[in-house]
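Undergrad: Got a sequence here, can you build the structure:
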Amino acid sequence: MQRPSPSPAPQTQAPHPVPLYAQSQPHDSETQASLAQSLLSDSSSLPSSQPHPSHSQPHSQPTPSSSAFAAAQALAAASPAAVPYVDPPAYEEPSPPAGIPPPTGKVGDGRVRVMTDDELAKCTPAEIKEFKKKGVAVLNEDAVRSMSVAELRKKGLGRVPTGFCYSSRMTVHKPLDFRASEEEPEKPARIQGIFNMLSTKGLIDRMERIVVREAVKNEILLVHTEGHWDRVRASGYQSTAYLETCADHFDRLSIYVNTESAMCARLSCGGVIEMCRAVAEGQIRNGFAIVRPPGHHAEPTDPMGFCFFNNASVAAKWLRTVYADDPAPGTVGKGINKVLILDWDVHHGNGTQKAFWDDPNVLYISLHRHDGSFYPGGTYGAAEMVGEDAGEGFSVNIPFPERKMGNADYIYAFQQVVMPIAYEFAPDFVIVSAGYDAAQGDKLGQMEVTPEGFAHMTHMLSVLANGKLVLALEGGYNVDAISKSATACVEVLLGDEPRHFSLDPASPSATNAVQEVIRVQAKYWKSMGTPVESVEELRQAGKTISISEVLKAHRTYDLYHEYDLFNIEFANATLKEAYKDQLLCSENVYDCETLLIFMHDLGAIKASFSATTMDINLEKTLLLDTSREVLDWAMHDHSYGVVDLNFLSHLPSTMADVPDPSRNKELEKMLALYLWDHIVSISAAKNVILFGSGCGCSALMNIVQNRPHLKERVKACISVLGLEPPPELDASSGVRGWYKENSLVMLPSTHSLHDDARKAGKHQKKFGNVYRATAEDEGRPIHLIKASLPRIKEFVKSKLPDEDEDDGGDVRMGNS
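TA: Numbers count the residues shown, from 1 in each chain. Model prediction:
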């Protein structure tokens with residue numbers, strides 16, 4: 001059965017339309033048909049098996065919509081073979097079954113002080129009174145020796161037993177089509193299998209049975225709306241024929257309903273409540289609730305995902321309603337004030353999280369499979385979903401991103417997140433939503449947790465809350481797997497040592513997921529360490545500096561001390577903000593004979609690094625060595641004036657990449673023309689060499705395209721590119737012929753421009769003289785510069801009039 005996405009829940013308390021179930025329910029066929037048609041035509045009224053688009057909002061809780069379950073009545077009335085709806089009688093709260101005592105409202109801890117006659121004689125009346133005040137019973141040692149086992153247990157002496165609850169009446173919840181019962185994952189055999197294995201192993205004989213009762217209306221309303229209660233209850237009064245007309249709609253909610261389903265849902269919820277009562281009052285030490293249908297997907301207004309009432313949530317609210325003592329701030333109460341719900345079902349418990357979304361008294365921790373499409377879908381189970389208002393930080397989601405997570409992954413999550421936060425929260429009671437669909441062999445969950453894994457998780461949780469621990473069955477659809485897993489957990493509850501097993505290291509994906517949870521939760525829990533802001537948060541707060549910026553600063557420092565290149569301030573405010581400290585000039589820039597304009601993006605790590613050379617020190621060395629080779633040639637060998645302009649923009653390093661969309665080409669054009677107009681045009685240099693690398697090639701082309709009079713002074717245009725398309729010179733510039741004669745364009749041998757030699761002539765018109773480079777790592781412009789520098793030097797030498805005329809003439813190089 002496919003499970004739908006949970007209905008959205010509100011981010012604010014703004015009023016919303018009266019839900020369908022709260023409106024008057026007309027019974028005439030014409031009105032019902034109209035209502036059904038409107039529901040069917042409005043896809044937003046019915047749940048979908050795919051996540052709703054609103055789930056793309058990671059920091060908001062889903063918002064409520066009209067109840068999908070409420071549509072069943074209208075759809076049934078619109079059926080061609082409509083069956084009359086039966087109004088249920090007025091609700092009367094039933095009397096509790098025999099054997100179920102009413103809750104006392106007092107937490108029992110079974111604490112007893114046994115003293116000898118001499119010790120008792122030494123106790124003052126005030127000390128005895130203080131013992132009673134603390135709830136400690138004082139007994140005489142001789143009297144204890146004469147007590148029967150029943151009397152000892154009644155006094156709280158010896159080991160308080162582990163309890164269980166089970167009722168065969170819960171097995172009558174099954175599909176209307178009995179032939180499909182065995183194919184249905186959530187089937188009666190689930191609880192029968194667990195009970196039978198516990199009996200066969202002799203564990204039932206070691207446990208105390210807690211009588212199951214039906215939850216009553218006021219208990220259910222602690223979590224669910226009255227309309228939800230009324231709809232579920234009403235289903236028990238309908239005919240089988242009527243329910244069959246609703247079957248398709250129920251299937252969309254991933255539930256099935258027969259005439260006994262409502263009763264079974266009340267029994268399931270009531271059984272968990274009774275288990276919690278028995279533990280709270282000290283009747284039993286801990287317990288396992290063998291119940292169905294499950295509950296953790298049930299939301300306040302709707303059943304879904306096999307669940308009708310949210311058993312764990314109702315029990316947690318019931319405990320706090322009956323046993324809380326509201327201690328003063330900063331003090332520890334004697335009652336049950338804080339409850340931990342640990343959910344290890346493989347599906348996220350959307351209903352439980354929603355029930356306590358803004359409640360700081362109930363800590364919800366869920367370990368589940370979460371990849372966006374796995375049920376219940378959306379982002380509600382993501383690590384960033386932490387609750388809101390007073391409850392912020394009290395929802396802890398540990399989302400495993402893939403299947404086949406096993407013991408090592410779950411134990412790692414327990415050790416790193418679950419137990420540290422649980423200790424810090426210090427709950428008074430622990431409820432486990434014990435779904436076993438993460439068990440090895442469960443086809444729905446596709447996880448690999450073994451019975452030993454579940455046993456060790458139970459063992460860790462048993463030290464919390466003075467041992468007040470109840471495991472309530474949720475999912476798990478392989479009968480053999482859930483029976484073995486539940487049995488292993490019960491053995492631990494009874495005090496047996498968990499079975500020995502060895503663990504491999506946690507998988508990388510689990511480790512990454514857990515570390516992300518730690519990062520998210522660190523701002524709420526001291527045990528998670530110092531909060532570490534995400535890169536995006538740091539960037540928004542202005543607290544980040546990129547490696548590229550570090551390398552750029554290092555290069556500027558080095559060039560100042562080694563080559564006396566000075567930083568030039570921009571007169572233009574826009575350029576100053578964008579390219580501060582990226583324009584460097586030599587001291588002879590205005591009175592040199594030959595001026596080299598070196599425009600580049602050296603230090604652009606994304607463009608420079610490859611998967612095999614992720615070494616920042618190596619990259620720093622390569623960056624400086626390349627800069628030095630160019631500057632040594634220009635300044636030391638020839639005394640050229642130098643302008644060094646760093647555009648620092650990301651360019652492709654693989655053929656499949658495209659230029660970074662954040663690159664502002666208009667700003668780069670402005671910078672290139674600013675350089676020409678404010679520095680080059682007022683320099684006395686007779687010969688200008690334009691040398692572009694990476695995105696500096698576009699700057700070079702902007703100058704050629706927009707300053708045509710440059711022909712008088714520019715003697716050579718050199719471009720060294722990676723795998724990106726070379727900039728094209730527009731025909732309207734009027735300088736294509738000149739550019740072809742005075743340009744050298746170095747491209748990697750793998751560049752797509754070399755693929756068709758027949759177009760070489762056209763390429764030279766648009767791009768200049770294109771040559772094939774042979775660098776070891778051709779996709780990286782910084783390597784191309786080093787590899788191509790001898791050819792570049794020879795080309796420049798041939799173009800400058802004051803160079804040795806014996807070597808004059810164009811350089812003859814084999815082009816592509």
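
Undergrad: Low-confidence stretches in the stretch 101-250 of the chain?
TA: For the stretch 101-250 of the chain, residues meeting the criterion pLDDT under 70 lie at 105-106, 108-112, 133-135, 149-150, 152-159, 178-182.

Undergrad: What segments of it are strands?
TA: Per DSSP state E, counting those that start in this stretch, the stretch 101-250 of the chain has strands spanning 112-115, 137-140, 162-165, 207-209. These are given in chain order.

Undergrad: list the helices and strands the third one packs on?
TA: If I follow you right, that is strand 162-165. When contacts are defined as 3 or more C-beta pairs under 8 Å, 6 or more residues apart in numbering; DSSP states H and E, strand 162-165 packs onto strand 207-209, helix 261-280, strand 286-289, helix 479-493. For the C-beta atoms, the positions are set from N, CA and C on the backbone; glycine is no exception.

Undergrad: Only the C-alpha atoms, please, for it, written as CSV.
TA: Coordinates of each C-alpha in strand 162-165 appear next as CSV, following Å, rounded to 0.1, in the frame of the first residue of the first chain:
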residue,chain,number,x,y,z
THR,A,162,8.4,-6.0,33.5
GLY,A,163,4.9,-5.8,32.0
PHE,A,164,3.3,-6.3,28.7
CYS,A,165,-0.1,-5.7,27.3
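
Undergrad: Restricting to C-alpha, output stretch 570-590 in CSV.
TA: As requested, C-alpha coordinates have been extracted for stretch 570-590 and formatted as CSV (Å, rounded to 0.1, in the frame of the first residue of the first chain):
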residue,chain,number,x,y,z
PHE,A,570,40.1,52.8,-8.0
ALA,A,571,38.4,56.2,-8.5
ASN,A,572,35.2,54.4,-9.4
ALA,A,573,33.3,53.3,-6.3
THR,A,574,31.7,50.3,-8.0
LEU,A,575,35.0,48.9,-9.2
LYS,A,576,36.6,49.6,-5.8
GLU,A,577,34.0,47.5,-4.1
ALA,A,578,34.3,44.7,-6.5
TYR,A,579,38.1,44.6,-7.3
LYS,A,580,39.7,46.1,-4.3
ASP,A,581,43.5,45.3,-4.1
GLN,A,582,43.4,43.6,-7.5
LEU,A,583,45.1,46.3,-9.6
LEU,A,584,48.9,46.4,-9.3
CYS,A,585,51.4,48.5,-11.2
SER,A,586,55.1,48.8,-11.4
GLU,A,587,56.7,52.2,-10.7
ASN,A,588,57.7,52.8,-14.3
VAL,A,589,54.2,52.3,-15.7
TYR,A,590,53.9,55.8,-17.1
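
Undergrad: Mind listing what's buried along that stretch?
TA: Of the residues in stretch 570-590, those with enough neighbours to count as buried (16 or more other C-beta atoms under 10 Å) are 570, 575, 578-579, 582-586, 588-589.

Undergrad: And stretch 227-239, by the same measure?
TA: In stretch 227-239, residues buried by neighbour count (16+ other C-beta under 10 Å) are 227-236, 238.

Undergrad: Dump that stretch to CSV, keeping only the CA atoms.
TA: As requested, the backbone C-alpha atoms of stretch 227-239 are provided in CSV (Å, rounded to 0.1, in the frame of the first residue of the first chain):
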residue,chain,number,x,y,z
GLY,A,227,-13.9,16.0,14.6
HIS,A,228,-11.2,13.4,14.1
TRP,A,229,-12.5,11.4,17.1
ASP,A,230,-16.1,11.6,15.8
ARG,A,231,-15.1,10.4,12.3
VAL,A,232,-13.1,7.5,13.5
ARG,A,233,-15.8,6.5,16.0
ALA,A,234,-18.6,6.9,13.4
SER,A,235,-16.8,4.3,11.1
GLY,A,236,-17.7,1.6,13.6
TYR,A,237,-21.4,2.2,13.1
GLN,A,238,-21.4,1.9,9.3
SER,A,239,-22.3,-1.1,7.3
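
Undergrad: gap between it and the chain center?
TA: 37 Å (C-alpha atoms, centre = their mean, to the nearest Å).

Undergrad: What of stretch 281-301?
TA: If you compare the mean C-alpha spot of stretch 281-301 with that of the full chain, they lie 27 Å apart, counting by C-alpha atoms, centre = their mean.

Undergrad: do stretch 452-459 as well
TA: Centroid separation for stretch 452-459 versus its chain: 25 Å, with C-alpha atoms, centre = their mean.

Undergrad: which other residues reach that stretch?
TA: Residues lying outside stretch 452-459 but in contact with it, judged by C-beta atoms under 8 Å, 6 or more residues apart in numbering, are 344, 406-407, 410-411, 414, 432, 434, 436, 439, 469, 471, 485, 488-489, 491-493, 498-501.

Undergrad: same check, this time on stretch 200-208
TA: Contacts of stretch 200-208 from elsewhere in the structure, counted by C-beta under 8 Å, 6+ apart, are 161-164, 195, 198, 278, 283-284, 287, 487, 490-491, 494.

Undergrad: at 10 Å what do you get?
TA: 153, 160-166, 195-199, 278, 283-285, 287-288, 483, 486-487, 490-491, 493-496 (C-beta atoms under 10 Å, 6 or more residues apart in numbering).

Undergrad: ends of that stretch, how far apart?
TA: With C-alpha to C-alpha, to the nearest Å applied, stretch 200-208 spans 16 Å between its terminal residues.

Undergrad: Can you list the buried residues in it?
TA: Quick answer for stretch 200-208 (16+ other C-beta under 10 Å): 203-204, 206-208.

Undergrad: In terms of helix, strand or coil, where does Ser433 fall?
TA: Following DSSP: H, G, I helix; E, B strand; the rest coil, the label given to Ser433 is strand.
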